[in-house]
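**Q** what's the 3D shape of this:
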Amino acid sequence: MIYLKSPTEIAVMRKNGAILKAALEKARDMATPGAVTKDIDAAIEKLLLDAGAKPAFKGFQGYPASTCISINEEVVHGMPTERTLKEGDICGVDIGVWKDGYYADGARTFAIGKISAAAKKLLDVTSEALDRGIAQARAGRRLTDISHAVESYATGLGYAVVKTLVGHGIGRQMHEEPQVPNFGPPDQGPELEEGLVIAIEPMVNIGASDVFTKEDGWTIVTADKSLSAHFEDTVAITQGGPEILTR
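**A** Numbering: from 1, shown residues only. Next comes the predicted model:
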């Protein structure tokens, strides 16, 4: 069942989105050559707790950390460890926030120092695919108008979108209905309504779309070891159009 939020509920989620935005900015500033991913995770956890929020991922289905930090061919759900970021890496940081009964979810993929032209283009394309998906998040349109906007842009430039992982509704639960795929024909699925809040999150690969989960049970990587990028925002559908709560 799709649960529409009231303006009061969206106001709470907007505040949570502001905390998440600050956390992503902290991650961006720390994501430099030589940084240890466990240290980034600890700093983000402290920022969230200092803001009176909780890291939504920690303990979620047994996940052990506060953030997901995914490097290069890792698509999502990479676990922070003693790994050190290196010049030329790309690093996706996914953060969830819980406060006052509601969640916010967002991710960015950062360049670590100087990266290759191919990696830079991947980041640009994935970020733009997210923006194009968000532009379709308007009352009266259909769910897969978002999906089609993401896929058609990325695949039109020769990239692949991951099809086994999707965006989602968000609110009192981290994952609510509806699922928000990053692929599909337009004008399908439920009609988008004012009050719907969704996490839109393109995952785009330089190579093929196939992925698998590593032995740690969490980290999802590209099957062909190609680079992957992940961008995500929590978006509310309002009378005036899409409002990005995490920017």
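
**Q** which ones are touching the closest residue to Trp218 other than its chain neighbours?
**A** By the measure of C-beta to C-beta, 6 or more residues apart in numbering, the closest residue to Trp218 outside its immediate chain neighbours is His77, 4.5 Å from it. Yep, even glycine has a C-beta here, placed from its N, CA and C like the rest. Shown in contact with His77 (C-beta atoms under 8 Å, 6 or more residues apart in numbering): Tyr63, Cys68, Ser70, Asp94, Trp218, Thr219, Ile220.

**Q** Out of those residues, the closest to Leu85 would be?
**A** Nearest to Leu85 among the contacts of His77 is Ser70, at 11.6 Å by C-beta to C-beta.

**Q** Can I get the helix or strand harbouring Lys26 as CSV, trimmed to CA atoms?
**A** Take DSSP states H and E as the rule and Lys26 turns out to sit in helix 7-30. The C-alpha coordinates for helix 7-30 follow below in CSV (Å, rounded to 0.1, in the frame of the first residue of the first chain):
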residue,chain,number,x,y,z
PRO,A,7,2.7,18.6,4.8
THR,A,8,3.5,18.1,8.5
GLU,A,9,5.1,14.8,7.8
ILE,A,10,7.1,16.1,4.9
ALA,A,11,8.3,19.0,7.1
VAL,A,12,9.8,16.4,9.4
MET,A,13,11.4,14.6,6.5
ARG,A,14,12.8,17.9,5.2
LYS,A,15,14.6,18.4,8.5
ASN,A,16,16.0,14.9,8.3
GLY,A,17,17.0,15.5,4.7
ALA,A,18,19.0,18.6,5.8
ILE,A,19,20.9,16.4,8.3
LEU,A,20,21.6,13.9,5.6
LYS,A,21,22.8,16.7,3.2
ALA,A,22,25.3,17.7,5.9
ALA,A,23,26.4,14.1,6.3
LEU,A,24,27.0,13.7,2.5
GLU,A,25,29.0,17.0,2.5
LYS,A,26,31.1,15.6,5.4
ALA,A,27,31.7,12.4,3.4
ARG,A,28,32.7,14.4,0.3
ASP,A,29,35.2,16.4,2.3
MET,A,30,36.7,13.2,3.9
